[in-house]
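Participant: The sequence isn't on hand, but the structure is:
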């Protein structure tokens, strides 16, 4: 027990520094106002894993932690596509997920936004297009914005979501 405590004291605190706020980055209040202007409420996101390796899902879940706190900005994840405004899709679309992805896309009410996440979502990534994969998400449903990276960081995901909203008419 004393060995562990002494090792902890000698090592110190091992955490990352807080991210620096970029100049011109929108404040939480400005983001909430722009979401209210476009949608009249909070932004609701439905996430679909279309066949990924789950690397992007780990980064998406990091958006919900206190470090990024997207729930505090008026962006939340929902379980039903009927309540969603934005579809966040990860991975190359496997042949078995094509039908489910199309049904989810069709269930989202208009106006709907689609964000393809990761290199797999953008172009098929290392899986490409084959007998088991349709490749990129754009091969199956229309995509409004793509966030590249393998996997993209939570900050890049948040920036991609904000860019998709801005392209739809909000002043973010």
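Facilitator: Noted; the coordinates are in hand. Model, not experiment: these values are computed from the prediction.

Participant: C-alpha from now on. contacts and neighbour counts both.
Facilitator: OK.

Participant: which regions of the chain lie under the pLDDT threshold?
Facilitator: 13-32, 34-35, 38-40, 169-172 (pLDDT under 70).

Participant: Distance from the helix of greatest length in it to the middle of the chain?
Facilitator: Longest helix in the chain, counting residues (DSSP state H): helix 154-167. Counting by C-alpha atoms, centre = their mean, to the nearest Å, helix 154-167 is centred 8 Å from the centre of its parent chain.

Participant: Stretch 145-164 now?
Facilitator: Distance of stretch 145-164 from its chain centroid, counting by C-alpha atoms, centre = their mean, is 6 Å.

Participant: The protein: strands as residue ranges?
Facilitator: 43-49, 75-77, 86-90, 113-117, 145-147 (DSSP state E).

Participant: what packs against the third one?
Facilitator: For strand 86-90, the contact count by 3 or more C-alpha pairs under 8 Å, 6 or more residues apart in numbering; DSSP states H and E identifies strand 43-49, strand 113-117, helix 118-123 as packing neighbours.

Participant: Repeat the analysis, applying 10 Å as the threshold.
Facilitator: On a contact count with 3 or more C-alpha pairs under 10 Å, 6 or more residues apart in numbering; DSSP states H and E, strand 86-90 meets strand 43-49, helix 55-62, strand 75-77, helix 98-107, strand 113-117, helix 118-123, strand 145-147, helix 154-167.

Participant: Need these in a markdown table (columns: distance to residue 138).
Facilitator: What follows is those, written out as a markdown table (distance: least, C-alpha to C-alpha, whole Å):
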| stretch | distance to residue 138 |
| --- | --- |
| strand 43-49 | 14 |
| helix 55-62 | 17 |
| strand 75-77 | 22 |
| helix 98-107 | 11 |
| strand 113-117 | 8 |
| helix 118-123 | 8 |
| strand 145-147 | 10 |
| helix 154-167 | 15 |
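
Participant: Would you reformat those as TSV and include mean neighbour count and distance to residue 68?
Facilitator: Below are the helices and strands packed on strand 86-90 laid out as TSV (neighbours: other C-alpha atoms under 10 Å; distance: least, C-alpha to C-alpha, whole Å):
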stretch	mean neighbour count	distance to residue 68
strand 43-49	21	16
helix 55-62	17	7
strand 75-77	19	11
helix 98-107	16	27
strand 113-117	27	18
helix 118-123	27	19
strand 145-147	22	17
helix 154-167	19	8
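
Participant: how about those, which one is nearest residue 1?
Facilitator: helix 55-62 (32.4 Å; C-alpha to C-alpha).
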